[in-house]
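Student: Predicted model and sequence below, questions to follow.
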There are 2 protein chains.
Amino acid sequence: MSAGPVPFPAYPHEVLAVVLSVRGDTLSVLLWRRSQAPHAGRWALPGGGVEPRLRLREALSRHLATKVDVREIAWLEQVATHSRVDRDPRGRVLATGYLALIPPDTEPALPNDTSWFPVTQLPRLAFDHHYFVEAAVERLRAKLSYTNIGFALAPSEFTIQRLREVVSAALGYDVAPTNLHRVMTRRGMIEPTGARSVPGQGGGRPAALYRFRERTLEITDPFAVLRPPKADSSARAGTS
Amino acid sequence: MSAGPVPFPAYPHEVLAVVLSVRGDTLSVLLWRRSQAPHAGRWALPGGGVEPRLRLREALSRHLATKVDVREIAWLEQVATHSRVDRDPRGRVLATGYLALIPPDTEPALPNDTSWFPVTQLPRLAFDHHYFVEAAVERLRAKLSYTNIGFALAPSEFTIQRLREVVSAALGYDVAPTNLHRVMTRRGMIEPTGARSVPGQGGGRPAALYRFRERTLEITDPFAVLRPPKADSSARAGTS
DNA sequence: CCTGTTTTCGCCTCAGAGTCGATAACCTGC
DNA sequence: GCAGGTTATCGACTCTGAGGCGAAAACAGG
């Protein structure tokens, strides 16, 4: 550090995670119950302060490690920073919220004060945490329609039926499995593993297993109003 | 304030604005030239510290007021918060960046140290400001395709040709005016004012004038992979 | 009335969504 | 091991909305 002091006012800063996962066919968020004031007894998002040498994301990972195994987090994305002066009764605190996604086939060992809540049946949350939840769910649902973000919400291998359940839970409404299969396939998002599901009870044809082809975010051109001239050939590129 | 002290470390926090506008057929960003260390002589985004009783957005508006008339800002949206420990040589500073849009028919009186730069020909920026510019431009381009955000980038009244120029500049590639007209109309985004443009030089049929129907953000369902059952009738709703 | 410019319209193609039925693969019970 | 029930998968067809393209229409000016 050098070149004189920083000329800006400082404020306590916290990071918060909206950890979303499909638990038993409903999209749920991970909350922990506060035992101390302020808002003792209310449910809150996991998170906390930012240590001096950590970036926001790193600080958040450490806080999350006390709740879930961080390796289970398949997606982590910053959503928004809130700055209401009175959002914390103890004094002004800025808060940056992240969206974190966990696949449904991992079962984190939760501490006693922590549990999953369906996003449609949230308890009263501490501070302004409900704003973060709303924003994160909205972000997730938007991205489900034009990215392959589903990879972070689905098991590593799944049947189309299971994928339908997961996507339906995340979106909040039913989707038809036949169209889901066709769309995901046509977009090249999923591919069959070759294996088949174990028949299970009740008989019937065992379903084929699929996996997401990529496990990093890819954007499926959301019908671009007006896309580049024609992809290849025709010059004009210009920038970057 | 009450209930004990805030238990989180504090950091200087600044707000930055990526002010974008179409200037002479190219998407441009508003920069000012730093006169003092660090990074004296380099160009930087407008912004600064956050006063104690102001929210981030309010603080940003005040900083912007020294550069442009705030009333000209047609859209203001938070994009991201950066936290690299060494992003400011004077010490750790967190920074929250905003995207601000200004219509092309307003001509802000700029201070001497301030001017517009085409986003494709940026000078070397101070700090990590280029990250903010990239993120803001990306956000703008994404939203152009599935929202009516264009209202903040277009004049209050315009011909289809002019709209094409503005949109082309923002996207960085040419778009066909005929499709633009149809798409914008079909989505109900624009409507004719009834007036026609002055013929101008060269003759030809005078173009009809249009305006954006709404000047607040509306989202045009980006082809939802799987949308709700059928909107009305057919029961099945369920949650929410 | 001819020319140049801009708008407007029609036609074509393509992708997504929904429906239906045929077929495949498995179970259970006899 | 075979018949019948159950579930999964796939293809064919249709419908709708969007983008690409080009021709026709509308209009000002000479």
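Tutor: That came in fine, so what should we check first?

Student: tell me the secondary structure for residue A:17?
Tutor: Following DSSP: H, G, I helix; E, B strand; the rest coil, the label given to residue A:17 is strand.

Student: Count the residues that sit near it.
Tutor: For residue A:17, the neighbour count with other C-beta atoms under 10 Å in any protein chain shown is 25. The way it works is simple: take the backbone N, C-alpha and C, and place the C-beta from them, glycine included.

Student: Test my guess that it contacts residue A:61.
Tutor: No: using C-beta atoms under 8 Å, residue A:17 is not in contact with residue A:61; the gap is 9.1 Å.

Student: Quickly list what's touching both of the two.
Tutor: By C-beta atoms under 8 Å, 6 or more residues apart in numbering or on different chains, residue A:17 and residue A:61 have these common neighbours: residue A:76.

Student: Work out for me the element residue A:29 sits within.
Tutor: Following DSSP states H and E, one finds residue A:29 within strand A:26-33.

Student: elements contacting that strand?
Tutor: On a contact count with 3 or more C-beta pairs under 8 Å, 6 or more residues apart in numbering or on different chains; DSSP states H and E, strand A:26-33 meets strand A:10-23, strand A:43-44, strand A:114-118, helix A:129-146, helix A:160-171.

Student: Now do it and helix A:160-171, the angle between them.
Tutor: 50 degrees (axes from the mean of the first three to the mean of the last three C-alpha atoms, to 10 degrees).

Student: and strand A:26-33, which strands flank it?
Tutor: In the sheet, strand A:26-33 lines up against strand A:10-23 (antiparallel), strand A:43-44 (antiparallel), strand A:114-118 (antiparallel) (DSSP bridges).

Student: just so I know, which of these lies nearest residue B:34?
Tutor: Closest to residue B:34 of those, according to C-beta to C-beta: strand A:10-23, at 21.6 Å.

Student: Convert that closest one to PDB, retaining C-alpha atoms only.
Tutor: The C-alpha trace of strand A:10-23 is given here as PDB (Å, rounded to 0.1, in the frame of the first residue of the first chain):
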ATOM      1  CA  ALA A  10     -15.400   3.000   5.600                       C
ATOM      2  CA  TYR A  11     -18.300   0.700   6.600                       C
ATOM      3  CA  PRO A  12     -18.600  -2.800   8.000                       C
ATOM      4  CA  HIS A  13     -19.300  -5.200   5.200                       C
ATOM      5  CA  GLU A  14     -20.800  -8.600   5.300                       C
ATOM      6  CA  VAL A  15     -21.300 -11.300   2.700                       C
ATOM      7  CA  LEU A  16     -24.500 -13.400   2.600                       C
ATOM      8  CA  ALA A  17     -25.300 -16.600   0.700                       C
ATOM      9  CA  VAL A  18     -28.600 -17.600  -0.700                       C
ATOM     10  CA  VAL A  19     -28.000 -21.300  -0.900                       C
ATOM     11  CA  LEU A  20     -30.600 -22.900  -3.100                       C
ATOM     12  CA  SER A  21     -31.200 -26.600  -3.700                       C
ATOM     13  CA  VAL A  22     -34.100 -28.800  -4.600                       C
ATOM     14  CA  ARG A  23     -35.000 -30.700  -1.500                       C
END
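
Student: Just give me how far it sits from the chain centre.
Tutor: Strand A:10-23 sits 11 Å away from the centroid of its parent chain (C-alpha atoms, centre = their mean, to the nearest Å).

Student: returning to what we had before: winner for burial among the strands paired with strand A:26-33?
Tutor: Among the strands paired with strand A:26-33, strand A:10-23 has the highest mean neighbour count (mean count of other C-beta atoms under 10 Å in any protein chain shown), at a mean of 24.

Student: Taking their axis directions, that one and helix A:129-146 sit at what angle?
Tutor: 50 degrees.

Student: pLDDT of strand A:10-23, averaged?
Tutor: Throughout strand A:10-23, pLDDT has a mean value of 97.

Student: about what we covered before: output the strands paired with strand A:26-33 in JSON lines; the columns should cover distance to residue A:178.
Tutor: Shown next, in JSON lines, are the strands paired with strand A:26-33 (distance: least, C-beta to C-beta, whole Å):
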{"stretch": "strand A:10-23", "distance to residue A:178": "21"}
{"stretch": "strand A:43-44", "distance to residue A:178": "39"}
{"stretch": "strand A:114-118", "distance to residue A:178": "27"}
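
Student: For chain A, just list every one of the helices.
Tutor: A:56-65, A:129-146, A:160-171, A:177-186 (DSSP state H).

Student: Now do the contacts for residue A:29.
Tutor: A:18-20, A:45, A:116-117, A:119, A:122, A:133, A:136.

Student: so where is chain A shaky, pLDDT-wise?
Tutor: A:1-3, A:199-202, A:221-240 (pLDDT under 70).

Student: deepest of the helices of chain A, which one?
Tutor: helix A:160-171 (a mean of 20).

Student: what about the residue of chain A found nearest DNA strand D, neighbour count?
Tutor: Using C-beta to the nearest atom of the strand, the closest approach of chain A to DNA strand D is made by residue A:204 at 2.3 Å. Neighbour count for residue A:204, taken as other C-beta under 10 Å: 8.

Student: Check the gap between it and residue A:179 for me.
Tutor: 21 Å (C-beta to C-beta, to the nearest Å).

Student: next one: residue A:39
Tutor: 44 Å.

Student: and if you look at residue A:9?
Tutor: With C-beta to C-beta as the criterion, residue A:9 and residue A:179 are 53 Å apart.

Student: and the residue nearest to residue A:116 when sequence neighbours are not counted, what does it touch?
Tutor: Using C-beta to C-beta, 6 or more residues apart in numbering or on different chains and skipping residues adjacent in sequence, the residue nearest residue A:116 is residue A:28, 4.0 Å away. Contact partners of residue A:28, counting by C-beta under 8 Å, 6+ apart, are A:20-22, A:116-119.

Student: Dump the residues you listed to TSV, plus distance to residue B:69.
Tutor: Shown next, in TSV, are the contacts of residue A:28 (distance: C-beta to C-beta, whole Å):
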residue	distance to residue B:69
A:20	41
A:21	47
A:22	48
A:116	49
A:117	46
A:118	47
A:119	42
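
Student: Return the member of those residues nearest to DNA strand C.
Tutor: Distances from DNA strand C to the contacts of residue A:28, taken by C-beta to the nearest atom of the strand, are shortest for residue A:22, at 20.4 Å.

Student: in the sheet, who's paired with that closest one?
Tutor: The partner residues for residue A:22, given DSSP bridges, come to residue A:27.

Student: Who are the contact partners of it?
Tutor: Applying C-beta under 8 Å, 6+ apart, we find residue A:22 in contact with A:28, A:104, A:153, A:165-166, A:169-170.

Student: can you check residue A:194 too?
Tutor: Contacts of residue A:194 by C-beta under 8 Å, 6+ apart are residue A:209.

Student: what's the neighbour count on the nearest residue to residue A:189 once chain neighbours are set aside?
Tutor: If the residues on either side of it in the chain are set aside, residue A:189 comes closest to residue A:148, at 4.7 Å by C-beta to C-beta, 6+ apart. Other residues lying near residue A:148 total 22 when counted by other C-beta under 10 Å.

Student: got a list of what the nearest residue in space to residue A:187 that is not next to it in sequence touches?
Tutor: Residue nearest to residue A:187 in three dimensions, not counting chain neighbours: residue A:220, with 5.5 Å by C-beta to C-beta, 6+ apart. With contacts defined as C-beta under 8 Å, 6+ apart, residue A:220 is in contact with A:146-148, A:187, A:189.
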